[in-house]
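> predicted model follows, preceded by the sequence.
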Amino acid sequence: MAKKVKKRKEIKRKLLHKYRLVILNESTFEEKISFKLSRLNVFVTGSLCIIGLIALTTLLIAFTPLREYIPGYSSTKLKKQATDLTYKTDSLVANLYNTNKYLENIRKVLIGDIENNEINRDSLREQFKIDPSSIDLTPIKEDSILRAEVALEDKYNLFERNVDGSGMVLFPPLNGEISQGYDVESNHFAVDVTAPIDTPVKAVASGTVIFSEWTADTGYVIIVEHRDGLLSVYKHNGSLNKRQGDVVRTGEVIASVGNTGELTTGPHLHFELWNNGNSVDPLDYINF
């Protein structure tokens, strides 16, 4: 026990024993600076310096651009660019998928292709079916004024309904005699309406022209995209009045009757209606 106590005292004495650090002028041996130090002081001071150096290095790496020069660390700008590119890539993939699906529907319209013959002709009616009991139809003063101002514009409104509420009515592209009706079994997904050459062909509803070109089989073709995935197709025209990207209104003249294309048998309009990629019978919605 005495030896342990003696040993502890010896260690304490060595730690607290004072040493003198003197800085002399080498030529004159004049004392310039002197320090009194102990081993404990040197140990504590050295430890604090090491801890401070580590903390300072950490702060420099974490909050200054110096970290960019350390392998494994990337700059904030590069991280932001990588994140933006990831979002853009995801967006481009989604847009590419939607575009390919859209173009596939246009291809089906142009060549008259359809995957199955079981077509729900009531799809448009069901899609736009409204429960009258859920709507408050009581007009207010401002509503009455607005209706009076736009009465002429609403006269040929896009999806106008019959008086008896039986279904949807679209503006007829032209008036004439139907030479061939809609027939799924013969892959004739349209109605052919005969009329004299140069008879105006009108848009069945407001929309945007997405195709307006010449094709070998069906001559001058114009396709108008309406709301909620509805497409109207006009083939064998003699001339086209609208270009791709033009916005048309209900009843506006977009083409004229002709006899163009290899598959035509005389002056007529080949008219098709497509709902979200499915062909529907135009006679269900238009009175020619």
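Here it is on my side, so go on.

> make it CA atoms for all contacts and neighbour counts henceforth
Fine.

> can you give me the strands in the stretch 51-200 of the chain?
177-180, 191-194, 200-202 (DSSP state E, counting those that start in this stretch).

> make JSON lines from those and add mean pLDDT, mean neighbour count and distance to Ser239 to it.
Shown next, in JSON lines, are those (pLDDT from 0 to 100; neighbours: other C-alpha atoms under 10 Å; distance: least, C-alpha to C-alpha, whole Å):
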{"stretch": "strand 177-180", "mean pLDDT": "92", "mean neighbour count": "13", "distance to Ser239": "21"}
{"stretch": "strand 191-194", "mean pLDDT": "94", "mean neighbour count": "21", "distance to Ser239": "16"}
{"stretch": "strand 200-202", "mean pLDDT": "95", "mean neighbour count": "21", "distance to Ser239": "10"}
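
> and of those, who's closest to Asn100?
Proximity to Asn100 (C-alpha to C-alpha) singles out strand 191-194 among those, at 27.8 Å.

> to Glu30, which of the strands of the stretch 51-200 of the chain lies closest?
That would be strand 200-202 among the strands of the stretch 51-200 of the chain, by C-alpha to C-alpha, at 112.1 Å.

> adjacent strands (with direction) for the next helix or strand after that closest one?
Using DSSP states H and E, the helix or strand that follows strand 200-202 in sequence is strand 207-215. Within its sheet, and counting by DSSP bridges, strand 207-215 is paired with strand 219-225 (antiparallel), strand 247-248 (antiparallel).

> which residues sit against strand 207-215?
For strand 207-215, the surrounding residues in contact (C-alpha atoms under 8 Å, 6 or more residues apart in numbering) are 220-227, 240, 242-249, 261.

> same thing but 7 Å
Residues from elsewhere that reach strand 207-215 (C-alpha atoms under 7 Å, 6 or more residues apart in numbering): 220-226, 243-249.

> count of neighbours near Thr28?
Neighbour count of Thr28, defined by other C-alpha atoms under 10 Å: 7.

> which pLDDT value goes with it?
Thr28 carries a pLDDT value of 79.

> wait, a helix at it?
No: secondary structure assignment (DSSP: H, G, I helix; E, B strand; the rest coil) places Thr28 in coil, not in a helix.

> which residues does the helix or strand harbouring Arg13 contact?
Using DSSP H and E, Arg13 sits within helix 2-16. Helix 2-16 is contacted by residues 38-40 when judged by C-alpha under 7 Å, 6+ apart.

> tell me the one of these nearest Lys202?
Leu40 (100.4 Å).

> the residue nearest to that closest one when sequence neighbours are not counted: how many residues sit nearby?
If the residues on either side of it in the chain are set aside, Leu40 comes closest to Leu15, at 5.1 Å by C-alpha to C-alpha, 6 or more residues apart in numbering. A total of 16 residues lie near Leu15 under the criterion other C-alpha under 10 Å.

> I'd like to know how far Leu15 sits from Arg8.
Distance check for Leu15 against Arg8: by C-alpha to C-alpha, to the nearest Å, it reads 11 Å.

> again, but for Arg39
Counting by C-alpha to C-alpha - Arg39 and Arg8 are separated by 15 Å.

> more neighbours: those two, which one.
Arg39 (15 against 12).

> contacts only, for that one.
15-16.

> and the pLDDT at it?
So, for Arg39, pLDDT stands at 78.

> Leu15 versus that one, what's the distance?
Counting by C-alpha to C-alpha - Arg39 and Leu15 are separated by 5 Å.

> now the residue nearest to Ile178 when sequence neighbours are not counted, which residues is it bridged with?
Using C-alpha to C-alpha, 6+ apart and skipping the chain neighbours, the partner closest in space to Ile178 is Val193 (4.4 Å). Applying DSSP bridges to Val193 yields these beta-bridge partners: Ile178, Leu269.
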